[in-house]
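Engineer: fold the following, please.
(one chain, ligands or ions: 4)
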Amino acid sequence: MSYDKELAAATKAAALAARLCQKVQKALLQSDVHSKSDKSPVTVADYGSQVLVSFALEKELPSMAFSLVAEEDSGDLRKEEGKETLQRITELVNDTLASDGTYDVSPLTEENVLRAIDNGKSEGGSRGRHWVLDPIDGTKGFVRGDQYAIALGLLDEGKVVLGVLACPNLPLGSVNSKEPQEKVGCLFSAQVGGGTYMQSLDGSSPVKVHVSATENPEEASLFESYEAAHSSHDLSSSIAKKLGVKAPPVRIDSQAKYGALSRGDGAIYLRFPHKGYREKIWDHAAGYSVVTEAGGVVSDAAGNPLDFSKGRYLDLDTGIIVTNQKLMPSLLKAVKESLSENASAL
Ligand SMILES: Nc1ncnc2c1ncn2[C@@H]1O[C@H](COP(=O)(O)O)[C@@H](OP(=O)(O)O)[C@H]1O
Ligand SMILES: [Mg+2]
Ligand SMILES: [Mg+2]
Ligand SMILES: [Mg+2]
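Structural biologist: Ligands and ions are numbered 1, 2, ... in the order given. Sure thing, here's the model as predicted:
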């Protein structure tokens, strides 16, 4: 089955949301950043991006039954203290729609904005189709001025069938390049059986990308979270040592890691959250599609495939690991050994 229409819609939606995010990141105000009940940050751009993706998907695919599993909800914006933030989001969304010009619509009201955010409340699951959205993945990176991604995937009968990653700050060349890179802004797109393509966010023609073909861990560079709170740097360093990886780890925020891996900038991505953390499907669905269609393999630390069909969370055994087919067996072995020796690192 082809998902061409859905992929085209997802690409448009993510690129539109990226415009809003870029504008906000350039002039981020202290008042734009808030704290959620779990203490994690959320900004006006996370909400604005979710509104635009939800809006654009409905416009582009009016006949498709619409279900969206997305990270943000409107709870805090409906409170008295959220009023000003809601106004600012509504303004940003309307400015972006007007300057983009694709959709000839009257400005959205605050109520439209709240409803568009709440479209993302779906529980997902193993039946039918569900869009899966992280409107800004890597909010901490976004706030710091670093990497982030707008990550949009589609589930069909519990399987990820397409993924789009818009990475506004990712260089078009390798993240390992020693040269300063002026050209930034990449969009990765993939559909099941169709390979992975990268284009520049400002609209160059897509080129097919592949994961690194290296069989030699000594040559493999390794990605992990910038934030040590999101993934144990100690554990990945022990795994890297066992494998013989020579280069220091490359730390970047967000699913931009999956994008960079899909074009061979590095060969391994390790993610080991600290005990008790539950992974959400929107943190991985789009990246999973982009990296697997480029020839990569994604599994949990026990070597099991990821199951996106169980609702908003991924149930998995300690951590997520990504690499190419050749390196996976030795990586799994190193992961198992390191986990048994360093259980306290999590
Ligand atoms: N304690 C924790 N352990 C692991 N992941 C966490 C975490 N707290 C937040 N996260 C997730 O890590 C994501 C960012 O990943 P990375 O470290 O690769 O940039 C966040 O996405 P958001 O930024 O969308 O909230 C969030 O879902
Ligand atoms: Mg978040
Ligand atoms: Mg995220
Ligand atoms: Mg997010």
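
Engineer: can you count the residues close to the closest residue to ligand 4 within the stretch 151-300 of the chain?
Structural biologist: Using Cβ to the ion, the closest approach of the stretch 151-300 of the chain to ligand 4 is made by Trp282 at 7.1 Å. Backbone N, C-alpha and C define where each C-beta goes, glycine included. Neighbours of Trp282 under the rule other Cβ atoms under 10 Å: 26.

Engineer: which of the helices or strands spans the residue nearest to it when sequence neighbours are not counted?
Structural biologist: Using Cβ to Cβ, 6 or more residues apart in numbering and skipping the chain neighbours, the partner closest in space to Trp282 is Asp134 (4.0 Å). Of the helices and strands defined by DSSP states H and E, Asp134 is found in strand 129-137.

Engineer: next SSE downstream of that strand?
Structural biologist: Using DSSP H and E, the next helix or strand after strand 129-137 towards the C-terminus is helix 139-144.

Engineer: counting by contacts, list what that following helix packs against.
Structural biologist: Contact analysis of helix 139-144 by 3 or more Cβ pairs under 8 Å, 6 or more residues apart in numbering; DSSP states H and E lists strand 41-43 as its packing neighbours.

Engineer: run through who's touching the strand it packs on.
Structural biologist: 24, 28, 32-36, 72, 76, 136, 139-140, 142-143 (Cβ atoms under 8 Å, 6 or more residues apart in numbering).

Engineer: out of the residues you listed, who's nearest Met328?
Structural biologist: Taking Cβ to Cβ as the measure, Met328 sits nearest to Lys140 out of the contacts of strand 41-43, at 29.2 Å.

Engineer: go ahead and confirm the closest one touches Asp253.
Structural biologist: Yes - Lys140 is in contact with Asp253 according to Cβ atoms under 8 Å; the separation is 6.3 Å.

Engineer: higher neighbour count, these two?
Structural biologist: Taking neighbours as other Cβ under 10 Å, Lys140 and Asp253 compare with Asp253 leading, 23 against 18.

Engineer: what is the neighbour count of the residue nearest to Trp282?
Structural biologist: For Asp134, using other Cβ under 10 Å, the count is 32.

Engineer: going forward, the N-terminal residue is numbered 33.
Structural biologist: Sure, I'll start counting at 33 from here, so that last one is Asp166.

Engineer: run through the bridge partners of it.
Structural biologist: For Asp166, the beta-bridge partners are Ala183 (DSSP bridges).

Engineer: and it, what is it in contact with?
Structural biologist: 102-103, 181-184, 287, 314-315, 318.

Engineer: make it 10 Å
Structural biologist: 78, 81-82, 85, 101-104, 180-185, 197, 286-287, 312-319 (Cβ atoms under 10 Å, 6 or more residues apart in numbering).

Engineer: and those residues near ligand 1, which?
Structural biologist: 103, 286, 312, 315 (Cβ under 6 Å from any ligand atom).

Engineer: for those residues, work out which two are farthest apart.
Structural biologist: Maximum pairwise distance among those (Cβ to Cβ): 13.5 Å, between Ser286 and Lys312.

Engineer: the two: who's more crowded?
Structural biologist: Ser286 (29 against 16).

Engineer: burial measure for the nearest residue to the more buried one once chain neighbours are set aside, as a count.
Structural biologist: Leaving out its chain neighbours, the residue that sits closest to Ser286 by Cβ to Cβ, 6+ apart is Gly170, at 2.8 Å. Per other Cβ under 10 Å, the neighbour tally for Gly170 reads 27.
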